[in-house]
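In: What would the 3D arrangement of this be:
(chains A, B and C)
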Amino acid sequence: MSTLHAPVLAWYDANQRDLPWRRPEASAWSVMVSEFMLQQTPVARVLPVWEQWMERWPTPADLAAESTGEAVRMWGRLGYPRRALRLHGAATAIAEQHDNVVPADYDDLLALPGVGDYTAAAIASFAYGRRHVVLDTNVRRVFARAVSGVEFPTTSPTRAERDLASDLVPDDAPTAATWAVAVMELGALVCTAKEARCGECPIAQECAWLTAGRPAYDGPPRKGQAWDGTDRQCRGRLMAVLRGSEGPVHVTSLVTAWERTDQRERCIDSLLADGLMVRAGDETYALP
DNA sequence: CATGCGTGGAA
DNA sequence: TTTCCAAGCAT
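Out: A predicted model of the protein is given here:
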């Protein structure tokens, strides 16, 4: 039992947010939907969309019965709309191969589209109380500071980092599941990327980074994502046009949304290839 | 393993 | 205003 466990668990008990997918009555499916939406998207923006999704599609089969285009439309402005396609694909697989029940087994989860190591561990842990190493960006940052004494983790998890996180997972499954969500919550609320609120931290006494005097980040420069003029911006504009229209849109609407011809056509091609858009007619496009 | 993939709020 | 970045995944 690490000296970190008791203070982190006590802090979580007193400070956890009341999020709907954490309530006792939350279904495994609702947990899964939340995990997809929370991949790179803040909680505040996920909340209203999650509510709509759960009301409209309370089980995987309900979503699987709809077109992928409806999933993309309901996804709204959460960003990375391919996640909506993958969630639809995962729902279809669950309805057809798992009797409409979200799997509890890590490997079964990992086989679903849009489910990687983090999401598989998170669903198994949060929805079913299984014992897993749940390693997201929050957890990685907390361990980087508290244990390794550096301000930010590396770009991708190293073997040593995974082993360290594994060693810290409590032995019994229920405590392990609470530990996972508790460390995540600490990283989300206190030990954040923008500001480490060490005065509020339950493990400040044990923190290697704080003890070392909060040394400045010394690793390779972390490059931000380019945006202006990128294909991502272009694709976002085109998708916004489709989402905003009841039916098919004429190509002239897409030209208005993005004038540069070569880039627009490349992005239309990529959206068609991704399955986010379909040709509805000679000069019209629509959601799938 | 580095890169591409949306969006908008906060500092 | 600009910059940063928020529970990753697939390739």
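In: how about the residues of the stretch 101-250 of chain A near DNA strand C?
Out: Within the stretch 101-250 of chain A, the positions adjacent to DNA strand C are A:113-120, A:122, A:136-138, A:184-185, A:187-188, A:192-194, A:222, A:224-225, A:227 by C-beta under 7 Å from any atom of the strand. Any C-beta I mention is one placed from the backbone N, CA and C, and that applies to glycine too.
In: Can you select the buried ones among those residues for me in ChimeraX?
Out: Buried members of these can be picked out in ChimeraX with the line below, counting by 16 or more other C-beta atoms under 10 Å:
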select /A:114,115,117,118,119,120,122,136,138,184,185,187,188
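In: Tell me which of the residues of the stretch 101-250 of chain A next to DNA strand C fall in helices.
Out: A:117-120, A:122, A:137-138, A:184-185, A:187-188 (DSSP state H).
In: Closest to residue A:240 out of those residues?
Out: Using C-beta to C-beta, the shortest approach to residue A:240 within these belongs to residue A:119, at 26.3 Å.
In: The closest residue to the closest one other than its chain neighbours: which element?
Out: Once flanking residues are discounted, residue A:119 sits nearest to residue A:35: 5.0 Å by C-beta to C-beta, 6 or more residues apart in numbering. Here residue A:35, judged by DSSP states H and E, is contained in helix A:28-37.
In: Figure out the helix or strand that the spatially most central residue of chain A lives in.
Out: Residue closest to the average C-alpha location in chain A (C-alpha atoms, centre = their mean): residue A:39, at 1.5 Å. Taking DSSP H and E as the definition, one finds residue A:39 inside no helix or strand.
In: what sits against the nearest residue to it once chain neighbours are set aside?
Out: With C-beta to C-beta, 6+ apart as the criterion, residue A:39 has its nearest non-adjacent residue at 6.2 Å, and that residue is residue A:83. Residue A:83 makes contact with A:36-37, A:39, A:75, A:114 under the criterion C-beta atoms under 8 Å, 6 or more residues apart in numbering.
In: and with 7 Å instead?
Out: Residue A:83 makes contacts with A:36, A:39, A:114, as judged by C-beta atoms under 7 Å, 6 or more residues apart in numbering.
In: so where do the strands sit in chain A?
Out: Taking DSSP state E to define them, one finds strands in chain A at A:249-250, A:278-279, A:284-286.
In: And chain A, what are its domain boundaries?
Out: Annotated domains of chain A cover A:5-128, A:137-171+A:178-211, A:231-286 [automatic domain parsing].
In: got the end-to-end distance for the first one?
Out: The first and last residues of domain A:5-128 sit 21 Å apart, counting by C-alpha to C-alpha, to the nearest Å.
In: Might you quantify the distance of it from its chain's geometric centre?
Out: How far domain A:5-128 lies from its chain's middle: 9 Å, per C-alpha atoms, centre = their mean, to the nearest Å.
In: Does it reach DNA strand B?
Out: Yes: applying C-beta under 7 Å from any atom of the strand, one finds domain A:5-128 in contact with DNA strand B at A:40-42, A:44-45, A:77-82.
In: returning to what we had before: could you dump the strands of chain A to CSV with mean pLDDT and mean neighbour count?
Out: Putting the strands of chain A into CSV (pLDDT from 0 to 100; neighbours: other C-beta atoms under 10 Å) gives the following:
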stretch, mean pLDDT, mean neighbour count
strand A:249-250, 98, 18
strand A:278-279, 98, 14
strand A:284-286, 98, 18
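In: can you put those strands in JSON lines and add distance to residue A:174?
Out: Below are the strands of chain A laid out as JSON lines (distance: least, C-beta to C-beta, whole Å):
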{"stretch": "strand A:249-250", "distance to residue A:174": "51"}
{"stretch": "strand A:278-279", "distance to residue A:174": "46"}
{"stretch": "strand A:284-286", "distance to residue A:174": "48"}
